[in-house]
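>>> Here is the input, now give the coordinates:
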Amino acid sequence: MTTTTLAVLVPLLPFLGAAAGLLLGRTAPGFVRPLAVLPPLASLVLAVTVAVRQGGGQAIDAHTELTPTGSVPIELALHIDGFAALVAVLVGVVATCVQIYSTGYLRDDPRYPSYAALVSLFTSAMLLVVYSGDLMVLLVGWEIMGICSYFLVGHYWETPEARAASLKAFLVTKLGDVPFLIGLFALATDAGSFRITSVLGTVASGGLHHPTLVALLLLAGVAGKSALFPLHTWLPDAMAGPTPVSALIHAATMVAAGIYFVARLLPVFQASSAAMIVLAVMAGVTMAGSGLAALAQDDIKRVLAYSTIGQLGYMAGALAVGDRGAAVFHLLAHGAFKALLFLAAGVVIHASGTNSLAVMSRMKGLRNRVPDAYWTMTVALLALAAIPPFSGFFSKEAVLGAAEHVATGHTEHAPGAAGWIVLITGLATAVLTAAYATRLWLLAFHGQGTEAPDHGRQPVTMTAVLWVLAVPSLAFGLAYGPLPDWFDGRDLTPVLTTSVLGTGLALVGVIITYGAWRHTTAMALRVPLGAVAAHPDADAGVVEAEAIASHEPAFGDVAYAPDPADPGRLLLGPLHRHAAVGFHLDAVYHALFVRPVQAGAQLVRFLDREVVDTYVRGAGALPRWLGTAVRRAQTGNVQTYVSALLAGTVVLVVAAVLVATGA
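Numbers count the residues shown, from 1 in each chain. Sure, this is the predicted structure:
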């Protein structure tokens with residue numbers, strides 16, 4: 001079988017699995033789990049085969065015209081280079097792990113068939129984005145992911161939080177997609193084609209007429225899809241969906257799509273120095289702001305959500321300094337350890353009965369209840385904090401090293417200002433990342449107080465995938481040696497200066513947070529956990545839905561204030577309350593956009609009701625009055641009709657006489 005045929009099957013198999021799952025979900029429920037797991041697993045095997053055949057060498061290109069348009073053709077095209085081959089493998093690994101994990105996590109969920117089908121469709125859409133060589137076909141996968149995220153984030157639609165989060169995710173990403181679509185059309189108009197190779201050829205020959213405008217329009221869509229400032233606010237709220245969905249969105253699909261798009265079309269953005277500066281500023285604000293916000297969150301999943309935003313900032317920073325190799329390297333490493341973090345968090349939520357770190361911090365021995373989650377999450381947090389030799393160290397240092405090269409003038413792939421912005425904010429974020437990772441680990445697994453509830457062993461399907469993902473979280477960074485063959489020859493070896501600075505700052509963040517935790521723990525008030533152990537056989541998905549609905553621990557009647565033992569409160573001081581609500585960006589957007597739109601809608605409603613409807617009612621009133629008058633004349637009395645006829649005859653005769661006399 002040719003490589004092209006195998007590549008076509010990679011996104012096609014999950015799509016067929018999704019269609020079959022929707023059709024057979026109710027009539028043949030026994031097929032639901034096999035249809036959920038086997039198609040993405042087969043797609044993973046094929047993606048690995050395609051990657052091996054591609055081998056980091058010449059890109060695989062194939063195309064056929066999809067439909068004649070009369071002007072710019074739309075083609076069903078493949079463009080598989082080293083980046084695409086490896087990202088497709090990542091998508092397959094994470095999607096397969098999520099589907100396997102979900103068979104245990106949502107085992108009693110009545111909507112599991114539709115959930116599993118949507119996850120498969122989500123996977124298929126991302127694989128279409130990765131392999132597509134035509135921008136319009138890429139856009140199809142791009143938009144399908146938006147629809148899938150709406151349904152999956154709103155899986156617990158009974159809760160207002162889930163409904164609001166799904167709408168917010170959909171609308172905010174669509175806000176970016178409108179200029180993104182305009183940018184794609186402008187790009188294709190200049191290139192005369194939607195094919196990526198043609199677009200890149202046009203850029204190389206200087207044929208792009210308005211590079212800054214096109215790049216900024218495209219960046220709007222990237223900011224929405226990849227949750228970069230200022231369109232990042234949907235991602236923390238999207239934690240209202242099931243935890244496996246969070247793992248899929250954060251690790252390998254939706255938020256990775258924007259970064260991957262910029263990496264694939266990086267020469268378009270490099271054609272404009274202003275666009276590269278804008279991207280660097282977006283990356284810097286995203287990194288620093290999300291790090292501060294993560295340090296103030298109580299919900300374990302929201303901590304990880306802001307963590308994802310920060311790591312996406314690193315990837316965008318690598319692109320802003322013109323190094324797509326470092327960006328995709330960090331995307332791959334982050335995909336492994338972030339999927340592990342979310343899936344391990346799901347196990348912790350299942351065991352503790354709450355999403356709240358404040359409540360977990362009052363549980364003693366939680367790590368003994370979930371040893372698999374404890375050890376694998378420790379590995380993932382070390383990778384997140386970029387502690388050597390874990391994968392995050394090598395990938396993050398590739399980003400910082402690239403920024404240092406640009407800042408010091410060793411390369412001209414990007415403006416020097418962009419290098420300094422990314423380097424300074426990246427180093428500052430290294431401290432914050434290590435701090436919130438340490439805080440999460442201490443509060444979740446080293447609580448002091450009531451014994452943690454014992455819900456028995458977690459399903460094997462939930463714990464086995466944790467160890468699978470722990471392997472790349474630990475060892476993938478060591479692949480920086482052979483990866484340059486896949487990444488345009490870019491050397492990914494850590495730079496001594498940034499390695500020492502980054503690791504040193506990360507260790508400072510760990511030490512300071514640990515000291516703050518020891519200090520606050522010694523002074524904390526203990527709050528009993530009440531009836532936390534009352535539901536030993538509860539299903540994880542039900543636990544999470546109840547926790548979302550109540551805003552309180554799902555298994556208890558405990559009302560609690562923010563935990564006084566929280567080191568984040570001590571470290572942030574008066575900034576804590578602002579960071580906890582994302583620095584009030586939602587309130588700002590509500591004042592700037594939501595209220596004016598609502599006011600405009602109310603004005604339109606008033607004009608429609610009081611002005612337009614008045615004319616409509618008036619137009620209907622006149623015939624109604626005439627009809628009433630005519631109806632009253634119809635008495636049914638023959639004498640009345642004869643009298644009226646005679647009177648009319650007299651009037652006509654008189655009128656005729658008068659006319660004749662006057663003549």
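
>>> Okay, strands next: where are they in this protein?
Counting by DSSP state E, the chain has these strands, from start to end: 60-67, 74-80, 363-364, 450-451.

>>> Would you mind saying which of these lies nearest A418?
Closest of the strands of the chain to A418 is strand 74-80, at 26.9 Å (criterion: C-beta to C-beta). Any C-beta I mention is one placed from the backbone N, CA and C, and that applies to glycine too.

>>> Touching that closest one from outside, list them.
4, 7-8, 50, 54, 59-67, 88, 131-134, 136-137, 193-197 (C-beta atoms under 8 Å, 6 or more residues apart in numbering).

>>> what's the angle between the lengthiest helix in the chain and strand 74-80?
Ranked by number of residues, the top helix in the chain under DSSP state H is helix 160-191. Angle, helix 160-191 to strand 74-80, by axes from the mean of the first three to the mean of the last three C-alpha atoms, to 10 degrees: 100 degrees.

>>> Average pLDDT for helix 160-191, rounded please.
For helix 160-191, mean pLDDT rounds to 93.

>>> In that helix, which residues are buried?
By 16 or more other C-beta atoms under 10 Å, the buried positions in helix 160-191 come out as 161-162, 165-166, 168-170, 172-173, 175-177, 179-184, 186-188, 190-191.

>>> That helix packs against which elements?
Packing partners of helix 160-191 (3 or more C-beta pairs under 8 Å, 6 or more residues apart in numbering; DSSP states H and E): helix 135-153, helix 196-204, helix 211-225, helix 234-237, helix 540-550.

>>> and these, which is most packed in?
Comparing the helices and strands packed on helix 160-191 by mean neighbour count (mean count of other C-beta atoms under 10 Å), helix 234-237 ranks first with a mean of 25.

>>> re earlier: any idea which of the helices and strands packed on helix 160-191 gets closest to H576?
Shortest distance between H576 and the helices and strands packed on helix 160-191, using C-beta to C-beta, is found for helix 234-237: 16.1 Å.

>>> pLDDT averaged over the closest one - what is it?
Mean predicted lDDT for helix 234-237 stands at 94.

>>> which secondary structure elements does that helix contact?
If you count contacts as 3+ C-beta pairs under 8 Å, 6+ apart, helix 234-237 packs onto helix 160-191, helix 300-320.

>>> Which one of the ones you listed lies nearest to A116?
Of the helices and strands packed on helix 234-237, nearest to A116 by C-beta to C-beta is helix 160-191, at 17.9 Å.

>>> just the angle between that closest one and helix 135-153, please?
Computed by the same axes, to 10 degrees, the angle between helix 160-191 and helix 135-153 is 180 degrees.

>>> Show the contacting residues for the closest residue to A247 other than its chain neighbours.
Spatial nearest neighbour of A247, excluding adjacent residues (C-beta to C-beta, 6 or more residues apart in numbering): F342 at 3.7 Å. F342 makes contacts with 243-244, 246-247, 250-251, 301, 304, as judged by C-beta under 8 Å, 6+ apart.

>>> could you measure F342 against Q448, distance?
Distance, F342 to Q448, by C-beta to C-beta, to the nearest Å: 26 Å.

>>> now I196
The separation that I196 has from Q448, given C-beta to C-beta, amounts to 55 Å.

>>> ok, now A59?
For A59 relative to Q448 (C-beta to C-beta), the value is 56 Å.

>>> okay, the two: which has more neighbours?
Comparing A59 with Q448 by other C-beta atoms under 10 Å, the one with more neighbours is A59, at 16 against 13.

>>> What backbone torsions are found at the more buried one?
A59 adopts backbone torsions of phi -60, psi 150, taken as degrees, to the nearest 10.

>>> Name the nearest residue to it, ignoring sequence neighbours.
The shortest distance from A59 to any non-neighbouring residue, by C-beta to C-beta, 6+ apart, is to D81 (4.0 Å).

>>> And the pLDDT for that neighbour?
pLDDT, D81: 91.

>>> Then G556?
pLDDT recorded at G556 is 34.

>>> cool, and V348?
In this model, V348 carries a pLDDT of 93.

>>> go on, the one 3 residues further on?
Confidence at A351, expressed as pLDDT, is 88.

>>> so how far is A479 from it?
From A351 to A479 the distance is 33 Å (C-beta to C-beta).

>>> Pick out whichever of the two has more residues nearby.
Neighbour comparison, A351 and A479: the larger count goes to A351, with 23 against 18 (by other C-beta under 10 Å).

>>> where in the protein is pLDDT low?
Along the chain, segments meeting pLDDT under 70 span 69, 455-456, 524-564, 632-633, 663.

>>> is it true that R111 touches W157?
No: with contacts counted by C-beta atoms under 8 Å, R111 stays clear of W157, the gap being 9.0 Å.

>>> what's the spacing between the closest residue to R53 other than its chain neighbours and A125?
Nearest residue to R53, sequence neighbours excluded (C-beta to C-beta, 6+ apart): T3, at 4.8 Å. Using C-beta to C-beta, T3 is found at 22 Å from A125.

>>> For these two, work out which one has more neighbours and name it.
More neighbours surround A125 than the other of T3 and A125, with 27 against 16 (other C-beta under 10 Å).

>>> so who does the residue nearest to R53 touch?
T3 touches 50, 53-54, 60, counting by C-beta under 8 Å, 6+ apart.

>>> how about 6 Å then?
Contacts of T3 were listed using C-beta atoms under 6 Å, 6 or more residues apart in numbering, and they are 50, 53, 60.

>>> same question, S307
S307 makes contacts with A294, as judged by C-beta under 6 Å, 6+ apart.

>>> Then G322?
Contacts for G322 were tallied using C-beta under 6 Å, 6+ apart; they are 270, 413-414.

>>> Who's the closest spatial neighbour of it, skipping the chain neighbours?
Leaving aside its sequence neighbours, G322 sits nearest to H413 (C-beta to C-beta, 6+ apart; 2.9 Å).

>>> give me the number of residues near V659?
Using other C-beta under 10 Å, V659 is surrounded by 9 other residues.

>>> One more: L432?
26.

>>> Okay, the residue nearest to A247 and L23: tell me how far apart.
F342 sits 29 Å away from L23, taking C-beta to C-beta as the criterion.

>>> Kindly report the same for G502.
Distance, G502 to L23, using C-beta to C-beta: 51 Å.

>>> more crowded one of these two?
Using other C-beta under 10 Å as the criterion, G502 and L23 rank with G502 on top: 28 against 14.

>>> quick one on the thing from earlier: okay, the contacts of F342 in TSV with distance to A326 next?
Shown next, in TSV, are these (distance: C-beta to C-beta, whole Å):
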residue	distance to A326
T243	29
P244	29
S246	25
A247	24
H250	20
A251	18
K301	28
L304	23
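
>>> can you list the residues that contact stretch 259-276?
Contact with stretch 259-276 is made by 87, 200, 203, 208, 211-212, 215-216, 222, 226, 315, 319-320, 322, 324, 327-328, 331, 414-415, 418, as judged by C-beta under 6 Å, 6+ apart.

>>> Ok, stretch 359-372 next?
With C-beta under 6 Å, 6+ apart as the test, stretch 359-372 has contacts from 347-348, 351-352, 374, 443-445, 447, 449, 451-452, 463, 466, 527, 553, 563, 565.
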